[in-house]
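Trainee: Below: sequence and its predicted model.
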Amino acid sequence: MPAADGKSKTVPCACCAGLVFKPALECEGFSFVRCCSCNLVQRNPQPLKEEIITRYKSIYGNNYLSYELENEAAFLKLQLLSLKDAGFDKLEKEIFSRTKEPRILDIGCATGALLDNLRNKGWHVTGVEISPCAEYAVHTRKLDVKNIPLEANNFPDCSFDVVLASHLIEHLNAPSAFLKETFRILKNNGYCFITTPNISGFQARLFASRWRSAIFDHLYLFSAASLSGLLRKTGFKIEKIRTWGGLGAGYAPLWLKKCVDVLAKKLGFGDVMIVRGRKI
């Protein structure tokens, strides 16, 4: 994602710090490379962090808020289903049984629809959102949402029982630093749930550079193996990985789409994945 003024830099691989890459996906106007050591797919060179924050705070503006509001019911449904698949409901009961004030943080919480749902279930909720959606979450939903990047909040050590990050990590310059900060602010035996596109899925393999997640704003495209490896390096124990989405709407007859969707979920080659890690 080249910055408006062309500022960018070449960075080592986020998983293994490797410096040798080969072409991976050649998209219209930009491309992805693959680390020759660990196979992580990423944009390189990358824009500076300050350029990305400016982009999300200004360029998206009200258009992004409108988009999120128009789609939040569908997005919330998907988030709740994916969390259920990853065993969140069972863990929720366990956490509620051992603490009087269960605390959850949603990083990249958008309009706060998921936080609102969780608050109604008894969670003490906090959000982080750098886009203009934060203002809506704060003023309309009366949520505690911070409009600054995660690390700028300086949350105390061991603050949260659960940290959620849905469709966020692929946008970050430094996913390793993000996971280290997530690990620090989680309580011992706390859980993180990371949702992101799955480059090892069927759709990614079928469409290659035309894959719907090979887009301008994604700096990393993780596989289940590369994301799990990064979480393990941070100190997390991987407890569950689930994927979903076999074929996008309109790419095949409905009967075929349903069959492929079922197989993708069952066999683990879905278009999107959620990984559950535990702080040990």
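Mentor: Arrived safely.
Trainee: for whichever helix in the chain runs longest, which positions count as buried?
Mentor: Scanning the chain for the longest helix, with DSSP state H as the assignment, gives helix 61-85. Neighbour counts over helix 61-85 (16 or more other CB atoms under 10 Å) mark 65, 68, 72, 75, 76, 78, 79, 80, 82, 83, 85 as buried. In short, each C-beta sits where N, CA and C put it, glycine included.
Trainee: Check stretch 13-22 too.
Mentor: 13, 14, 15, 16, 21.
Trainee: Check the offset of that stretch from the chain's centre.
Mentor: Taking the mean of its C-alpha atoms, stretch 13-22 sits 21 Å from the chain's own mean (CA atoms, centre = their mean, to the nearest Å).
Trainee: just stretch 111-127 next, same as before
Mentor: 18 Å.
Trainee: again with stretch 170-181
Mentor: The answer for stretch 170-181 is 10 Å, by CA atoms, centre = their mean.
Trainee: Please list the residues outside that stretch that contact it.
Mentor: 11, 14-15, 46-49, 52, 108, 150-151, 165, 169, 192, 196-197, 213, 217-222, 230-231, 233-234, 236 (CB atoms under 8 Å, 6 or more residues apart in numbering).
Trainee: That one: end-to-end distance?
Mentor: Stretch 170-181 has an end-to-end distance of 16 Å (criterion: CA to CA, to the nearest Å).
Trainee: buried stuff in it?
Mentor: Neighbour-count burial for stretch 170-181 flags 170, 171, 172, 173, 175, 176, 178, 179, 181 (criterion: 16+ other CB under 10 Å).
Trainee: that older thread, could you tell me which of the contacts of stretch 170-181 belong to strands?
Mentor: If you go by DSSP state E, these have 46, 47, 165, 192, 196, 197, 220, 221, 236 in strands.
Trainee: Contact partners for the fifth one?
Mentor: The one in question is residue 196. Applying CB under 8 Å, 6+ apart, the residues contacting residue 196 are 167, 168, 169, 170, 222, 227, 272, 273.
Trainee: does residue 186 really touch residue 164, like I thought?
Mentor: No - using CB atoms under 8 Å as the test, residue 186 is too far from residue 164 to be in contact (11.4 Å).
Trainee: of all the buried residues of stretch 170-181, which two lie farthest apart?
Mentor: Largest separation among these by CB to CB: 170 and 181, giving 16.8 Å.
Trainee: all helices for the stretch 151-280 of the chain, in order.
Mentor: 175-185, 202-207, 224-234, 254-267 (DSSP state H, counting those that start in this stretch).
Trainee: Please name every helix or strand in contact with the third one.
Mentor: Judged by 3 or more CB pairs under 8 Å, 6 or more residues apart in numbering; DSSP states H and E, helix 224-234 is in contact with helix 175-185, strand 186-197, strand 236-244, strand 272-279.
Trainee: ok, now with 7 Å
Mentor: Secondary-structure packing of helix 224-234 (3 or more CB pairs under 7 Å, 6 or more residues apart in numbering; DSSP states H and E): helix 175-185, strand 236-244, strand 272-279.
Trainee: Identify the residues contacting that helix?
Mentor: Helix 224-234 is contacted from outside by 14-15, 38-40, 175-176, 179-180, 183, 194, 196, 198, 200, 238, 241, 273, 275, 277, using CB atoms under 7 Å, 6 or more residues apart in numbering.
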